[in-house]
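In: starting from these lines, generate the structure:
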Amino acid sequence: MATTGLLAFCNYLEHTALNATIQDQFWIVPTMQSVHILAIAAVLISTLLIDFRILGIHGKDESVATVSKRYSHIVWLALPILLITGCIMIVGEPARSLTNPAFQIKMVLLIAVILITVILQRKCQAANSFTHLGKSTHILAMLSLVAWMGIVAAGRWIAYA
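Out: Numbering: from 1, shown residues only. Take a look at the predicted model:
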């Protein structure tokens, strides 16, 4: 969905010095993509372990609060890295990203999963010992897993859409 304002913004970014630098230096895009993928892996693994513990699939010998505390900081450390590397890649090729429906879906899913993560983290921190978290928490954990899969799929689809 390329609006006039979005296209104008893409045009502006394409004429910045940062865009020229990213385009001229062969190593920037592959390096940012590599760091981006590693940060995604860190978020996915951490989220998977937290969500699987909430769902009772893995780590039943530890409380939900312990597992959440152990892995949540990795999620919050990796998200800014994803933001920075993603922004650099966007500035390098703004029209390819910003006007792409797959990218837009990825961003909507990302906003949703960040909200879900905040809610889950609060619920996990409030849980005592091995307290049952309830059906709504299980649903949020499943939605988190589905959203992250959607983010990865949409991210890969950006190259083809």
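In: tell me the secondary structure at L133.
Out: Three-state secondary structure (criterion: DSSP: H, G, I helix; E, B strand; the rest coil) places L133 in coil.
In: so where's the chain uncertain?
Out: Scanning the chain for pLDDT under 70 picks out 1-2, 128-132.
In: please enumerate the helices of it.
Out: Using DSSP state H, the helices assigned to the chain run over residues 4-14, 17-24, 28-55, 64-92, 94-98, 101-126, 135-157.
In: got those helices as a markdown table, with mean neighbour count columns?
Out: From N, CA and C alone the C-beta is placed, and that goes for glycine too. Supplementary listing: the helices of the chain in a markdown table, determined by neighbours: other CB atoms under 10 Å:
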| stretch | mean neighbour count |
| --- | --- |
| helix 4-14 | 13 |
| helix 17-24 | 13 |
| helix 28-55 | 18 |
| helix 64-92 | 17 |
| helix 94-98 | 18 |
| helix 101-126 | 17 |
| helix 135-157 | 16 |
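In: from L133, how far out is V108?
Out: 26 Å (CB to CB, to the nearest Å).
In: Y71 touches F52, doesn't it?
Out: No: contact criterion CB atoms under 8 Å: Y71 and F52 do not qualify, at 10.6 Å.
In: list the residues that contact the residue nearest the centre of the chain.
Out: Residue closest to the average C-alpha location in the chain (CA atoms, centre = their mean): L110, at 5.3 Å. By CB atoms under 8 Å, 6 or more residues apart in numbering, L110 lies in contact with I151.
In: ok, F9 next?
Out: 94, 98 are the contacts of F9 under CB under 8 Å, 6+ apart.
In: alpha carbons only: can I get stretch 140-159 in PDB?
Out: Extracted in PDB, the C-alpha atoms of stretch 140-159 (Å, rounded to 0.1, in the frame of the first residue of the first chain):
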ATOM      1  CA  LEU A 140      -1.400 -15.400  24.500                       C
ATOM      2  CA  ALA A 141       1.600 -17.800  24.500                       C
ATOM      3  CA  MET A 142       0.200 -19.500  21.400                       C
ATOM      4  CA  LEU A 143      -0.500 -16.200  19.700                       C
ATOM      5  CA  SER A 144       3.000 -15.200  20.500                       C
ATOM      6  CA  LEU A 145       4.400 -18.300  18.800                       C
ATOM      7  CA  VAL A 146       2.100 -17.800  15.800                       C
ATOM      8  CA  ALA A 147       3.000 -14.100  15.500                       C
ATOM      9  CA  TRP A 148       6.700 -14.800  15.600                       C
ATOM     10  CA  MET A 149       6.300 -17.400  12.900                       C
ATOM     11  CA  GLY A 150       4.400 -14.900  10.800                       C
ATOM     12  CA  ILE A 151       7.100 -12.300  11.400                       C
ATOM     13  CA  VAL A 152       9.800 -14.700  10.100                       C
ATOM     14  CA  ALA A 153       7.700 -15.700   7.100                       C
ATOM     15  CA  ALA A 154       6.900 -12.100   6.200                       C
ATOM     16  CA  GLY A 155      10.500 -11.100   6.600                       C
ATOM     17  CA  ARG A 156      11.600 -13.800   4.200                       C
ATOM     18  CA  TRP A 157       8.700 -12.900   1.800                       C
ATOM     19  CA  ILE A 158       9.900  -9.300   1.600                       C
ATOM     20  CA  ALA A 159      12.500 -10.400  -0.900                       C
END
